[in-house]
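A.B. asks: no sequence for this one, just the structure:
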């Protein structure tokens, strides 16, 4: 008899930042700027003489160094200066301050959502399984998002073989999104928040026996008071974002047409998610999405919403009243109603090869942070474009490897492996991560900040605070499927070339 084979836990990785053709570490635009500067320098030396030419050389050298010298997060000094100036301008014009409600500036006295969500509308449809689901429509990029609530089992209650199967199925689910021409993005949001124990207290009171002993009554009263203070609840959502534009169409689809189309496709999306370890997958209706967003902007409301549901009452909420009464977007923190929030973005993914539990630390509940959201953002490339991108990356990496260097050789090997996997029907996905920590008291901000940065380090994430754009990043971290690149003034092709 042959000996049983030992189980080997698979590793993951082979991700990298896309690069454009350029000299050394320079991007395409930076290389063009350098070549243009050299031509200008030659003309100055020839027409004006050596002294003006030397001065021009120094000025251009300083400018080039300012543009190309980047920190560990990949940001140059120019990027930091632009961000600081943009935020200072917003503060001067008071764009960072928002007031709504009866005493605010919003017509009708409503508490509408601010910023990117100001023009958004919420609609509700019914899918083929007779389930109500909400569709969030963003008119500026013509995007529509559906949100699915899932109940993942986690890592502790399953075998390693099953977890590896879940990861493989999740990769296949993301790859299938790239085969749908109208899917532009997807996101996964894991939120940990206090369990207020409303349902627990109601359950204990309903099961109280009139002849119960005094000792048991005291013990259950202690459970009612202490359990909610030490426990947390974890919720998870998956948002899928679709575009209203169809290839070859002369105009975008209307929201009613998109709702009817998504009603026939939502069942397939939720069914396949259950094979990815997501547990029961149910679409979120309009009422549920309003409650999630309202609780995010005003954490103190979450307890009242839970108490209402425990009593069988559905609180009346609409999309026009889901926003904060007031907010103040600072350089480093975001104040919104009863909460103080700070958001971080991933600048460098975990290096090398990792295991499937690499993000376990940052996803786990924290006793210091009142409410924590970790959102993974995905932008799948279309199946037709993925192979073109892979082949282009291989050619560019091969040219860099020809110049020598260990890193260039490793990068070339990585691009070849990626191209081979895409040829075998794998998907190509751009991904990022947003982490948001919310506290109820300003003195808790410092410990919460240290906690998130420590958890990010344990999970091998290189994260940086979203300085100057805390309100926008807060919105991106909500389970709404916001696609931030489509709101940036600089076109995507230009950003990729830098």
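C.D. replies: Right, received. Where do you want to start? Worth saying up front: this structure is predicted, and the values here are computed from it rather than measured. Numbers count the residues shown, from 1 in each chain.
A.B. asks: burial count for residue 43?
C.D. replies: By other CB atoms under 10 Å, 12 other residues sit near residue 43. For every residue, glycine as well, the C-beta is placed using N, CA and C.
A.B. asks: quick one: it is in a strand?
C.D. replies: No: Residue 43 sits outside any strand when classified using DSSP: H, G, I helix; E, B strand; the rest coil, being helix.
A.B. asks: Against residue 186, how distant is it?
C.D. replies: 51 Å (CB to CB, to the nearest Å).
A.B. asks: Residue 242 contacts residue 181, correct?
C.D. replies: No: Residue 242 lies out of contact with residue 181 (CB atoms under 8 Å); the separation is 9.8 Å.
A.B. asks: what are the ranges of the strands in this structure?
C.D. replies: Remark: strands assigned in the chain by DSSP state E are 97-99, 121-126, 132-138, 143-150, 183-194, 232-243, 282-283, 326-329, 334-336, 339-348, 371-380, 429-439, 462-465.
A.B. asks: ok, residues contacting the first one?
C.D. replies: With contact meaning CB atoms under 8 Å, 6 or more residues apart in numbering, strand 97-99 is reached by 105-106, 114-115, 324-329.
A.B. asks: run the last query once more with 6 Å
C.D. replies: When contacts are defined by CB atoms under 6 Å, 6 or more residues apart in numbering, strand 97-99 is touched by residues 105, 114, 326-328.
A.B. asks: And for the third one?
C.D. replies: Outside of strand 132-138, the residues within contact range by CB under 6 Å, 6+ apart are 120-124, 126-127, 144-146, 255, 259, 283-286, 289, 480.
A.B. asks: one more time with 7 Å
C.D. replies: Applying CB atoms under 7 Å, 6 or more residues apart in numbering, the external contacts of strand 132-138 come out as 120-127, 144-147, 255, 258-259, 262, 266, 283-286, 289, 480-481.
A.B. asks: repeat for the fifth one
C.D. replies: Strand 183-194 is touched from outside by 143, 174, 177, 232-243, 302, 363, 365-366, 370-380, 479, 481, 483, with contacts defined as CB under 7 Å, 6+ apart.
A.B. asks: Could you turn the buried ones of the residues you listed into a PyMOL selection?
C.D. replies: This is the PyMOL syntax for the buried subset of the contacts of strand 183-194, where burial follows 16 or more other CB atoms under 10 Å:
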select buried, resi 143+174+177+232+234+236+237+238+239+240+241+242+243+302+363+366+370+371+372+373+374+375+376+377+378+379+380+479+481+483
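A.B. asks: where in this protein is pLDDT low?
C.D. replies: Residue ranges of the chain with pLDDT under 70: 1-7, 19-29, 67, 156-157, 197-200, 202-203, 226-230, 403-406, 489-498.
A.B. asks: From one end of stretch 454-465 to the other, what's the distance?
C.D. replies: Separation of the first and last residues of stretch 454-465 by CA to CA, to the nearest Å is 13 Å.
A.B. asks: buried sites along that stretch?
C.D. replies: 455-456, 459-461, 463-465.
A.B. asks: Need the contact partners of it.
C.D. replies: 72-73, 332, 342, 344-348, 350-351, 354, 358-359, 361-362, 433, 435.
A.B. asks: how close does residue 215 get to residue 245?
C.D. replies: 68 Å.
A.B. asks: Do a quick rundown of the helices in the stretch 301-450 of the chain.
C.D. replies: Under the criterion DSSP state H, counting those that start in this stretch, the stretch 301-450 of the chain contains helices at 301-310, 360-363, 383-402, 406-423, 445-458.
A.B. asks: Tell me which of these sits most buried.
C.D. replies: Each of these was scored by mean neighbour count; the highest is helix 360-363, a mean of 19, by mean count of other CB atoms under 10 Å.
A.B. asks: Does anything pack onto that one? Which helices or strands?
C.D. replies: helix 445-458 (3 or more CB pairs under 7 Å, 6 or more residues apart in numbering; DSSP states H and E).
A.B. asks: how far off strand 339-348 does the helix it packs on point, in degrees?
C.D. replies: 20 degrees (axes from the mean of the first three to the mean of the last three CA atoms, to 10 degrees).
A.B. asks: what's the distance between residue 170 and residue 313?
C.D. replies: When residue 170 is compared with residue 313 (using CB to CB), they lie 37 Å apart.
A.B. asks: If you could redo that for residue 158, that was the one I meant.
C.D. replies: Applying CB to CB to residue 158 and residue 313 gives a distance of 37 Å.
A.B. asks: Neighbour count for those two, which is higher?
C.D. replies: residue 158 (14 against 10).
A.B. asks: Look up the closest residue to that one, ignoring the ones flanking it.
C.D. replies: residue 277 (7.4 Å; CB to CB, 6 or more residues apart in numbering).
A.B. asks: isn't that neighbour right up against residue 150?
C.D. replies: No: using CB atoms under 7 Å, residue 277 makes no contact with residue 150, being 9.0 Å away.
A.B. asks: How is this structure divided into domains?
C.D. replies: 118-195+233-381+427-497, 196-230 (automatic domain parsing).
A.B. asks: Need the ones you listed in JSON lines (columns: distance to residue 58).
C.D. replies: What follows is these, written out as JSON lines (distance: least, CB to CB, whole Å):
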{"stretch": "domain 118-195+233-381+427-497", "distance to residue 58": "27"}
{"stretch": "domain 196-230", "distance to residue 58": "62"}
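A.B. asks: Which among those is found nearest to residue 39?
C.D. replies: Comparison of those against residue 39 by CB to CB identifies domain 118-195+233-381+427-497 as nearest, at 19.5 Å.
A.B. asks: Turn the helices of the stretch 301-450 of the chain into CSV, including distance to residue 211.
C.D. replies: Below are the helices of the stretch 301-450 of the chain laid out as CSV (distance: least, CB to CB, whole Å):
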stretch, distance to residue 211
helix 301-310, 26
helix 360-363, 45
helix 383-402, 68
helix 406-423, 67
helix 445-458, 47
